[in-house]
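K.L.:
Take a look and give me a structure for this.
(one chain, ligands or ions: 1)
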Amino acid sequence: MTETAPDGADGSHPSSDRTRSNGAEPLLEVRNLRKYYEDGGGLLDRVLGREATSVKAVDGISFDVREGETLGLVGESGCGKSTTGETLLRLREATGGTVAFDGEEVFDLDDTSMAAFRRRAQIVFQDPFSSLDPRMTVGAVVAEGMRIHGLPESDPTVGTDAEITVGEGIDRMVEVDVADDIDRVVDPENGVARVPVTVRQGEDGPEATVGVHEDLLGATVEEGENELRVEVTVTGSEGAVRRARAGELLERVGLSADQIDRYPHEFSGGQRQRVGIARALALDPDFIVLDEPVSALDVSVQAQVLNLLDDLQDEFGLTYLFIAHDLSVVRHICDRVAVMYLGRIAELGPTDEIFENPDHPYTEALLASVPRAEVSEQGRRVATLSGDVPSPRNPPSGCRFRTRCPKVIPPEDVEIEQAAFRAVMNLREAVEGGDLDPEAVREVGPADYREQEVPGLDGENAAVVDEALEAAAGGDLDGAAETLRERFETVCETTEPDATPGRDDTVIACHLHE
Ligand SMILES: Nc1ncnc2c1ncn2[C@@H]1O[C@H](COP(=O)(O)OP(=O)(O)OP(=O)(O)O)[C@@H](O)[C@H]1O
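P.N.:
Numbers count the residues shown, from 1 in each chain. The predicted structure is shown next:
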């Protein structure tokens with residue numbers, strides 16, 4: 001199957017000159033949002049009969065999404081990006097915090113306001129294979145939301161009008177009435193939905209025909225003494241109006257209205273994602289959460305879908321929250337980027353700032369894992385991201401990134417190389433977690449063990465580690481942990497860094513930048 005793509009078929013990325021959100025008001029204000037999953041604990045908890053601990057998927061994050069901008073939300077798998085998107089849309093119940101949308105508290109909305117919010121705030125999911133019901137035609141998929149919400153509805157602020165052409169012997173004045181709900185069928189231009197109508201003399205008297213959407217609109221003529229009265233109304237059923245709109249939306253996202261009766265399995269991945277986008281657009285939203293919208297697509301198709309999203313944003317004045325783990329995607333579509341780690345936001349700022357001049361060691365490390373296309377960036381010295389992401393059931397104290405951070409801060413009075421301090425931190429983790437094997441220390445002796453496992457120490461630092469390893473070799477892991485803690489405890493573990501203003505509209509949560 002081939003990909004239909006009117007936009008960016010050359011594979012180019014959308015423009016990265018993204019300034020549309022400068023100075024814009026926030027459309028979405030997220031404050032201290034939390035979402036914990038209480039799922040009865042992990043297997044280990046159950047085996048050991050331990051009390052269940054919740055998964056702190058999102059653990060107190062705050063950010064704004066400004067009107068008309070694209071805010072990127074990036075981070076490694078499992079850091080809470082999808083949970084954030086779904087919780088702020090109220091698809092999941094938040095554990096705490098607030099979300100204001102256009103000034104209204106989303107978590108306090110009554111049923112009527114909630115229905116309006118559901119229309120205005122949409123989501124496009126990552127997986128176009130599982131997010132479309134295989135038993136529904138794509139036309140039904142796109143129209144479903146409209147059916148639920150009674151759309152398309154008439155907008156009282158939109159005027160309706162007819163452009164009349166009169167011919168073939170009609171010499172009387174023509175008066176036209178246009179029903180107010182014509183805008184459900186005809187897209188308004190400059191606030192007016194216009195219908196071209198032709199009035200001519202037929203065999204049985206005057207007749208009027210509409211020039212657009214003939215299957216949905218109708219015109220009737222009534223003869224008066226000196227005038228003809230023409231009335232234009234919507235004659236199509238609700239279902240037919242929705243179907244026509246679904247067809248238009250399919251066309252707008254680069255598919256064909258002729259494909260309206262096909263099933264999802266008849267489309268390629270990229271085409272299915274276009275259907276998902278048409279479904280989101282059907283309710284005429286202001287805000288869309290794009291949850292990894294191109295991650296499941298071939299690289300060649302990704303740029304086309306990104307270009308489409310970019311065009312739609314301009315055309316419909318949309319605001320996006322763009323969730324991605326792939327930083328190279330984010331760079332070209334986002335105005336600002338929030339970097340998330342283990343349920344928290346590490347750094348947030350304008351995309352160029354985040355990419356050119358990251359402040360948070362996690363952002364630096366994440367960027368280091370992005371393949372560099374530009375030669376000028378290839379030589380950049382960056383720290384690498386090593387080790388596993390800790391469990392969100394039991395995140396590290398203080399700064400959550402400290403267990404992997406290549407810039408963890410030693411105590412003021414301890415002189416130590418960064419690599420050696422990292423090794424000490426790792427040793428402490430092992431001792432505190434009960435993962436250090438006393439036998440292994442006994443076998444080689446504490447000093448040799450230190451040389452091997454915690455190289456680069458001398459003087460007092462070496463002596464303290466030896467003392468701790470001595471205790472560990474004797475089986476006293478608690479004593480070893482205490483000895484190490486007394487000398488090497490860092491602010492990164494005792495104190496959680498506040499999110500503080502950095503340079504150029506950035507916010508950063510790292511003790512190095514306080
Ligand atoms: N329904 C659930 N019950 C329990 N834990 C969950 C549930 N959904 C997600 N989690 C956990 O919450 C954490 C955050 O998951 P989430 O899917 O939000 O992260 P993510 O950053 O979007 O990752 P990915 O890119 O892999 O989707 C993970 O540890 C995940 O295992």
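K.L.:
can we go C-alpha only for contacts and neighbour counts from here?
P.N.:
Noted.
K.L.:
So, low pLDDT: which residues of the protein?
P.N.:
In the predicted model of the chain, residues 1-23, 39-52, 370-384 satisfy pLDDT under 70.
K.L.:
Residue most distant from the centroid, it?
P.N.:
Most distant from the centre of the chain: Glu225, at 63.0 Å, with distances by CA atoms, centre = their mean.
K.L.:
Do a quick rundown of the strands in the stretch 401-514 of the chain.
P.N.:
All strands of the stretch 401-514 of the chain, identified by DSSP state E, counting those that start in this stretch, fall at 500-501, 507-508.
K.L.:
Next, count neighbours for the residue in the stretch 101-250 of the chain positioned nearest to the ligand.
P.N.:
Among the residues of the stretch 101-250 of the chain, Gln126 lies closest to the ligand, at 8.9 Å counting by CA to the nearest ligand atom. Applying other CA atoms under 10 Å, we find 21 residues neighbouring Gln126.
K.L.:
list the contacts for it?
P.N.:
Leu290, Asp291, Glu292, Pro293, Val294, Ser295, Ala296 (CA atoms under 8 Å, 6 or more residues apart in numbering).
K.L.:
Can you lay out these as a markdown table showing distance to Val30?
P.N.:
Output for these, formatted as a markdown table (distance: CA to CA, whole Å):
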| residue | distance to Val30 |
| --- | --- |
| Leu290 | 17 |
| Asp291 | 17 |
| Glu292 | 20 |
| Pro293 | 22 |
| Val294 | 25 |
| Ser295 | 25 |
| Ala296 | 28 |
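K.L.:
Can you tell me which of the strands of the stretch 401-514 of the chain is nearest to Asp155?
P.N.:
Taking CA to CA, strand 507-508 is the member of the strands of the stretch 401-514 of the chain nearest to Asp155, at 40.7 Å.
K.L.:
so what strands line up beside the closest one?
P.N.:
Its sheet considered, strand 507-508 pairs with strand 344-350 (antiparallel), strand 500-501 (antiparallel) by DSSP bridges.
K.L.:
Just confirm yes or no for the longest one near the ligand.
P.N.:
If I follow you right, that is strand 344-350. No - Strand 344-350 is not in contact with the ligand by CA under 6 Å from any ligand atom; minimum separation 10.7 Å.
K.L.:
Test my guess that Arg274 contacts Arg252.
P.N.:
No - in this structure Arg274 lies outside contact range of Arg252 using CA atoms under 8 Å: 9.4 Å.
K.L.:
Between the two ends of stretch 69-87, how far is it?
P.N.:
20 Å (CA to CA, to the nearest Å).
K.L.:
Okay, buried residues for that stretch please.
P.N.:
Using 16 or more other CA atoms under 10 Å as the test for burial, stretch 69-87 gives 69-76, 78-87.
K.L.:
out of these, who's near the ligand?
P.N.:
Gly78, Cys79, Gly80, Lys81, Ser82, Thr83.
K.L.:
Tabulate the residues you listed (CSV), appending secondary structure.
P.N.:
CSV is the format used below for these (DSSP: H, G, I helix; E, B strand; the rest coil):
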residue, secondary structure
Gly78, coil
Cys79, coil
Gly80, coil
Lys81, helix
Ser82, helix
Thr83, helix
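K.L.:
how far away is the closest residue to the ligand within the stretch 351-500 of the chain from Arg119?
P.N.:
In the stretch 351-500 of the chain, the residue that lies nearest the ligand is Pro392 (5.7 Å; CA to the nearest ligand atom). Distance from Pro392 to Arg119, counting by CA to CA: 32 Å.
K.L.:
Give the helix, strand or coil label for Leu385.
P.N.:
Applying three-state DSSP: Leu385 is coil.
K.L.:
Can you tell me the element the nearest residue to it once chain neighbours are set aside falls in?
P.N.:
Closest residue to Leu385 apart from its sequence neighbours, by CA to CA, 6 or more residues apart in numbering: Ala365 at 5.1 Å. According to DSSP states H and E, Ala365 maps onto helix 361-368.
K.L.:
Perfect, I'm done here.
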